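[1] Generate a structure from the sequence data that follows.
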Amino acid sequence: MPAKTRKIFLSHSSADGPLVEAFETLLIKWLGIGSHEIFVSSLEGQGAPKGMNFVDAIKAEIVTTESVIALISPAYRESAFCMAELGAAWALSTNRFPVVVPPSGFGVIDATLLGTVGVMVDNEDALAQMLEDLSSSLELAPAAVGIRQRAMREFQKKWQDAKGDIGKSTNVPIADFKKVEKERDDAVNARNLAEDDLTKAEKYIKALKSLKAPEDVSKLEKEFDKSGWEGKFQTLTSEIQRLAPKLGGSYIQRQLILDHLGKQSRPDSVNYASEVEFAMERDIYDPESNTWNWSDDFVQIFDKKISEMEALLLEFPQIADWLKSKGKGADPDNFRFWDDNVLY
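    Down below sits the predicted model:
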């Protein structure tokens, strides 16, 4: 097993420069050690030796360092390299100390950290206890009480100066991106439906202008008449689809229809995170009881349109025959009908 050549590996994001320098100074003063005993990749003289491959240097240091401290900030969490470094450090080091940097909370300490208890960087008492534990694990005699107290006061002052720059992410969180992407897709679908209606109307007007005989006009009106079952079916379908953005998307519509049919299932909050989150924020869905709020204004409208569609199929049995001839579901009591004909 490689010999331990350094005391501490400080895992961090280079975006948090001022905080990293202040924390490294706190470690030196509190523990009474030299800067050469702390590996800090972003600090001159304490990172990878010049000419050495950076990744190789990181791997070597993780293996030969006694303890690992991770400054887990939003920028840290967004960095694929930092998270890979964290995973390796946690796997190879027995002494692990996660330090959570606001605005992040303890929720960021997930399975990657193997259940290790962390501290908040702005909690002086908890941070001091962590440093005491670190000192003990390294078998160091800590500095005098007065020196440690001054070191903590100086660090907290520097933290106050630095925290304004923490949390200013350079990347858009994937959940936010997916949510906006879904809203865009729903808007595009709604626009396409509106364009289809407009195209039909323009086609009707153009054809109408070309006719002179009353009987031809009457024939054309019947062809385009939306008062017939086909027109009503298309209109209801469009109205239901246009409600999707108000409910959180077509996935939420699917879940509501399943619930309407008595086939309740728990929504997939992993693959459809943004849709489920929207439904939860709007109180359309309660994850604790796994129930849907049918008293919500837009859910009530959706429910009404579902009922109108069911009534339409009862009034015009030929709709079912037409759908069957196209190889589509024709029974509104079966989810296949909605999936094949109504939802997009």
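
[2] Show me what the residue lying closest to residue 23 once chain neighbours are set aside bridges to in the sheet.
    Distances taken as Cβ to Cβ, 6 or more residues apart in numbering put residue 71 closest to residue 23, at 6.3 Å, once the chain neighbours are dropped. The way it works is simple: take the backbone N, C-alpha and C, and place the C-beta from them, glycine included. Here residue 71 sits in beta bridges with residue 99, as judged by DSSP bridges.

[3] pretty sure residue 71 contacts residue 8?
    No. Shown here, residue 71 and residue 8 do not form a contact pair, counting by Cβ atoms under 8 Å, at 11.9 Å.

[4] Let me see the ranges of the strands in the stretch 201-344 of the chain.
    285-286, 291-292 (DSSP state E, counting those that start in this stretch).

[5] out of those strands, nearest to residue 158?
    strand 285-286 (44.3 Å; Cβ to Cβ).

[6] Which other helices and strands does that closest one contact?
    helix 273-281, strand 291-292 (3 or more Cβ pairs under 8 Å, 6 or more residues apart in numbering; DSSP states H and E).

[7] Of these, which stretch is the most buried?
    Neighbour counts (mean count of other Cβ atoms under 10 Å) averaged over each of these peak at helix 273-281, with a mean of 20.

[8] What ranges in the stretch 51-200 of the chain fall below the confidence cut-off?
    51-62, 89-90, 92-94, 106-117, 167-187, 189-194, 196-198 (pLDDT under 70).

[9] if you set the cut-off to 90 instead, what comes out?
    Judged by pLDDT under 90, the stretch 51-200 of the chain has its weakly predicted residues at 51-98, 100-120, 122-123, 133-134, 136-145, 160-200.

[10] My read is that residue 283 contacts residue 295, right?
    No. With contact defined as Cβ under 8 Å, residue 283 does not count as touching residue 295 (9.4 Å).

[11] tally of neighbours for the residue nearest to residue 254 when sequence neighbours are not counted?
    Distance criterion Cβ to Cβ, 6+ apart; nearest residue to residue 254, sequence neighbours excluded, is residue 343 at 6.1 Å. Residues lying near residue 343 (other Cβ atoms under 10 Å) number 17.

[12] again, but for residue 328
    Applying other Cβ under 10 Å, I find that residue 328 has 14 neighbouring residues.

[13] That one and residue 336: what is the separation?
    8 Å (Cβ to Cβ, to the nearest Å).

[14] and what of residue 306?
    15 Å.

[15] And those two? Which one has more around it.
    Taking other Cβ under 10 Å, residue 306 and residue 336 do not tie; residue 306 has more neighbours (20 against 12).

[16] Counting neighbours, what do you get for the closest residue to that one other than its chain neighbours?
    Counting by Cβ to Cβ, 6+ apart, residue 260 is the residue found nearest to residue 306 once chain neighbours are left out, at 6.0 Å. Counted with other Cβ under 10 Å, the neighbours of residue 260 add up to 19.

[17] isn't residue 260 right next to residue 305, touching?
    No. With contacts counted by Cβ under 8 Å, residue 260 stays clear of residue 305, the gap being 11.1 Å.

[18] How is this structure partitioned into domains?
    6-165, 174-341 (automatic domain parsing).

[19] among those, which is the most enclosed?
    domain 6-165 (a mean of 17).

[20] so how far is that domain off the chain centroid?
    27 Å (Cα atoms, centre = their mean, to the nearest Å).

[21] how about the residue nearest to residue 334 when sequence neighbours are not counted, phi and psi?
    Distance criterion Cβ to Cβ, 6+ apart; nearest residue to residue 334, sequence neighbours excluded, is residue 261 at 7.9 Å. Backbone torsions of residue 261, given as degrees, to the nearest 10, read phi -90, psi 0.
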